[in-house]
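Student: quick check, what structure comes out for this input:
(one chain, ligands or ions: 1)
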Amino acid sequence: MARNIVVGAAQLGPISRLDSRTSAVDRMIKLMDEAKQQGVELIVFPELALTTFFPRWFIEDQVELDSFFEREMPNLETAPLFKKATELSMGFYLGFAELIEESGKKRHFNTSILVDDKGSLIGKYRKIHLPGHFENEPSRAFQHLEKRYFETGNLGFPTFKAFGGQMGMCLCNDRRWPETFRMLGLQGAELVMLGYNTPAHYPPVPKHDHLNDFHNHLVMQAGAYQNGTWVIGVAKAGNEENCDLIGGTCIIAPTGEIVAECKTLGDELIVYQCDLDRCTEIKNGIFDFAQHREPENYKLITETKGVKIEGSD
Ligand code: CDT
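Tutor: Residues are numbered from 1 along each chain as shown. Predicted structure coming up:
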């Protein structure tokens, strides 16, 4: 038996600070057209796919900062994406900066949405693991101010019944945390989509720079295998405003194997027919949660944030 879905991972090359949303959307539409020719039913775009990765700058002017955020989705500039999805009968995952107003207060999130093949919203995720720092750190080659610019996501880690299976989403740094994949795995996720912007240089520990591509695949492959799910990891890649972003966009099978991978650091599409039934090879075997998990012994995971050493304060 097979429950196949043809998935496209649509890596984007750099987006500069002055590039318009319309130019980013045009590039995505071009990739959707290419994807259609290869039978793609669901296409996955990167994190913050409409603009440059603005947390690399300390921006004090709130009006300027807010200009990187979307106040509604779809809006004038992104409507063509939704229209294209309908035209091509193709679902999509998209990452963007979201600004909402609640009780007269502005709230900022790093968000992804899942849209169906008729251009209708299926679900939303707001990034929970926000990396980087809060204060300006001018000694760094570039900033990573996600902790300053975004609130921690308030939607948990939802999954959605769609495209013939159980779909999950997360964003970039989330992939480094096993809790993310486990939360999705415990809800039966069969395909997890995630977009990322990952600098090739990590200012706090530059001696790890050569490991960045390795760590990217390591965590996504582990998340796929340990939860018996397909993982679609999609980069915004290349030299963006003098900051090198890794590529490595890939499609990972529930066995943890990379079955398709981008070769460039530019706009590039890879396609794979994912059989969601292959998840059972892992979910009903080595990682049959109901049979083998021991949650009584995992209490520390939710009771503590940091390390707790028995006997010390
Ligand atoms: N966008 C994002 O979450 N990037 C981080 C960069 C490393 S931490 C400063 C990541 O985990 O890839």
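Student: OK, contacts around the residue of the stretch 1-150 of the chain found nearest the ligand?
Tutor: Across the stretch 1-150 of the chain, no residue is closer to the ligand than residue 131, which sits at 3.6 Å (CB to the nearest ligand atom). (Each C-beta comes from the backbone N, C-alpha and C, glycine too.) Under the criterion of CB atoms under 8 Å, 6 or more residues apart in numbering, the neighbours of residue 131 are 144, 146, 147, 172, 173.
Student: out of these, which is most surrounded?
Tutor: residue 172 (27 neighbours; other CB atoms under 10 Å).
Student: give me phi/psi at that residue?
Tutor: The phi and psi values for residue 172, taken as degrees, to the nearest 10, are phi 40, psi -100.
Student: any idea how far the ligand is from it?
Tutor: 3 Å (CB to the nearest ligand atom, to the nearest Å).
Student: model confidence score at the nearest residue to that residue once chain neighbours are set aside, please.
Tutor: Using CB to CB, 6 or more residues apart in numbering and skipping residues adjacent in sequence, the residue nearest residue 172 is residue 196, 3.9 Å away. Note on residue 196: pLDDT of 98.
Student: please apply the same query to residue 313.
Tutor: Predicted confidence (pLDDT) at residue 313: the value is 67.
Student: pull the residues that contact stretch 140-158.
Tutor: Counting by CB under 8 Å, 6+ apart, 54-58, 65, 97, 107-111, 123-128, 130-137, 168-170, 173, 180, 183-184, 187, 199, 201, 203, 242-243 sit against stretch 140-158.
Student: if you look at those, which of them are in helices?
Tutor: Per DSSP state H, helices hold the following members of these: 65, 180, 183, 184.
Student: tabulate those in a markdown table, adding columns for distance to the ligand and pLDDT.
Tutor: Output for these, formatted as a markdown table (distance: CB to the nearest ligand atom, whole Å; pLDDT from 0 to 100):
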| residue | distance to the ligand | pLDDT |
| --- | --- | --- |
| 65 | 17 | 98 |
| 180 | 11 | 99 |
| 183 | 17 | 98 |
| 184 | 17 | 99 |
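Student: report the buried members of these.
Tutor: Buried by 16 or more other CB atoms under 10 Å: 65, 180, 183, 184, out of the ones in helices among the contacts of stretch 140-158.
Student: how about the second one, nearest residue that isn't a chain neighbour?
Tutor: Pointing back at residue 180 there. The shortest distance from residue 180 to any residue other than its chain neighbours is 4.3 Å, reached at residue 174 (CB to CB, 6+ apart).
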